[in-house]
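Engineer: What would the 3D arrangement of this be:
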Amino acid sequence: MPKIIADFHVHSGYSRATSKDMNVAIMAMWAKKKGINLLGTGDFTHPVHLANLKAALKPAGNGLYKTSPESSVFFMLTSEISSIYSCKGKVRKIHNIIMAPGFNVAEKINNTLRKHGNISSDGRPILGLSAKDLIKIVLDISPDCLFVPAHAWTPWFSVFGSRSGFDSIEECFDEYSKYIYAIETGLSSDPGMNWRISALDKITLISNSDAHSPRKLGREANVFDCKMDYFEITDTIKRKDKTRFLYTVEFFPEEGKYHYDGHRACNISFSPNETKNNGNKCPVCKRGLTVGVMNRVEELADREEGFVPDNAIPSRHLVPLEEIISEVFNSGVNTLKVSREYEKLVALNTEFEILTDLHKAELYRITDRKIADGILKVRSGEIDIVPGYDGVYGKISILSGTHKPAVLENPPNAEHEQGSLF
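Structural biologist: Down below sits the predicted model:
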């Protein structure tokens, strides 16, 4: 079993629209249920959250932290910054993730950033700094920080976003582009989509949950086989080392809320071809459509769909266990009925073990046959999805699903029946 299952990008209760349960104690409890052993703290730039982190976490001696010596869950100091600024005659809105090797570095970053804006207003502060100026500040404080463009394709707030982004990493970061070693693919894109852009071949693709509640932890994640050590993990990402960075865990990108183009107010969802045929306008209100990730990737791609670079790190698409149970029971994800079945299962095995490791016979032994059928269908990609658009999540149909994605990347030497990942 690989040593590390990591989810770096999360938020705290100090971020807007985020559960107050997003504190390290409750996150650690949920991480254990899911099988995650490394979490980002999120929001270290918020002074109150940082003070709480310092009180709750103890150094693990490797640039990481734990709530107690006995805990199996490690934490890495992480935060997300929103940069809104004007560049080349256009307003840019870029979100970036910062990973820091210790509280002393995090405090120095905060002391500098508070000179450029109100870092107390939100867990993910909005600053007028350009993305280029932000990375310069961070790396001048500590070159050991890792700076990663967040959810790189989201229309409104990302480096490649159709509404406010750039067409290349170099256009955004200029001479600091050489320090961009990784991007976060986001829920509405997956590695296969990013592989279509040759300029990203040198870039490591990471995947995180961007969770605003504990239940969402690990809906995307990264799997490493290396020491539980900040410096080795960041070195693995910087080098795009396939011997140590084994897989990413992915949403089916169609489920992401910006996969297709559309206009939520008018209930319009379009594929890229439909958008083109309608002149990029909503046929109902005649306003411009929100151009989604699929269309934006198509715009920048210089390769055909299905191309796999030689140095690609494999990935695996999953559906969260609660969503599978919810469909089988025809009940909401947050209902007591779904919660009881979920808790029963994760008391026996972690969520990732259930979704990826357990043999068919074991699944049928521990849970309802339809739930086991659903898990097996997700493993083989036999699901149907109505794509998400303009802030609306896609809808997955599992039990009646027959669709297999064009690219379903299985880890090397995986057992066919299990689709073993962990």
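Engineer: can you list the weak-confidence ranges in the stretch 101-250 of the chain?
Structural biologist: Within the stretch 101-250 of the chain, no stretch has pLDDT under 70.
Engineer: Show the pLDDT at Ala25.
Structural biologist: Turning to Ala25, the model gives it a pLDDT of 97.
Engineer: That one against Leu57, yeah?
Structural biologist: No - assessed by CB atoms under 8 Å, Ala25 is found out of contact with Leu57, at 10.2 Å. Glycine gets a C-beta too; all of them are placed from N, C-alpha and C.
Engineer: For stretch 360-374, which outside residues touch it?
Structural biologist: Applying CB atoms under 8 Å, 6 or more residues apart in numbering, the contact partners of stretch 360-374 are 324-325, 327-328, 341, 344-345, 348-349, 354, 358, 375-376, 398-399, 417.
Engineer: so which of the residues you listed is the most crowded?
Structural biologist: Ile324 (29 neighbours; other CB atoms under 10 Å).
Engineer: Wait, a helix at that residue?
Structural biologist: Yes - assessed by DSSP: H, G, I helix; E, B strand; the rest coil, Ile324 belongs to a helix.
Engineer: between Ala25 and Leu57, which one's more packed in?
Structural biologist: Leu57 (20 against 11).
Engineer: So which residues of this protein form helices?
Structural biologist: With DSSP state H as the criterion, the chain has helices at 24-34, 47-56, 103-113, 131-141, 169-173, 191-194, 230-239, 272-277, 293-300, 321-329, 336-346, 351-356, 360-366, 369-380.
Engineer: Show me what the shortest one is in contact with.
Structural biologist: What that stands for is helix 191-194. Contacts to helix 191-194, defined as CB under 8 Å, 6+ apart, come from residues 153, 183, 185, 200, 205, 207, 248, 250, 253, 293-294, 297, 305-306, 308, 312-313, 315, 406-407, 409.
Engineer: go again using 6 Å as the cut-off
Structural biologist: Thr185, Leu200, Leu205, Val297, Ser315, Val407 (CB atoms under 6 Å, 6 or more residues apart in numbering).
Engineer: Also the third one?
Structural biologist: The contact list for helix 103-113, computed with CB under 6 Å, 6+ apart, reads Phe44, Thr45, Lys54, Leu77, Ala100, Ile119, Ile137, Ile141, Ser142.
Engineer: circling back to that earlier point, name the member of the contacts of helix 191-194 with the most neighbours.
Structural biologist: Thr185 (28 neighbours).
Engineer: That one against Ile203, yeah?
Structural biologist: No - at 10.2 Å, Thr185 does not count as touching Ile203 under the criterion of CB atoms under 6 Å.
Engineer: would JSON lines of the contacts of helix 191-194 with distance to Ile5 be doable?
Structural biologist: Output for the contacts of helix 191-194, formatted as JSON lines (distance: CB to CB, whole Å):
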{"residue": "Thr185", "distance to Ile5": "17"}
{"residue": "Leu200", "distance to Ile5": "24"}
{"residue": "Leu205", "distance to Ile5": "16"}
{"residue": "Val297", "distance to Ile5": "27"}
{"residue": "Ser315", "distance to Ile5": "14"}
{"residue": "Val407", "distance to Ile5": "22"}
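Engineer: What about these, which are in strands?
Structural biologist: Leu205, Ser315 (DSSP state E).
Engineer: how near is Asp167 to Gly89?
Structural biologist: Asp167 sits 14 Å away from Gly89, going by CB to CB, to the nearest Å.
Engineer: More neighbours: which of these two?
Structural biologist: Asp167 (13 against 5).
Engineer: So what sits opposite Asp384 in the bridge?
Structural biologist: Asp384 has these beta-bridge partners by DSSP bridges: Ser397.
Engineer: No further queries at this time; thank you.
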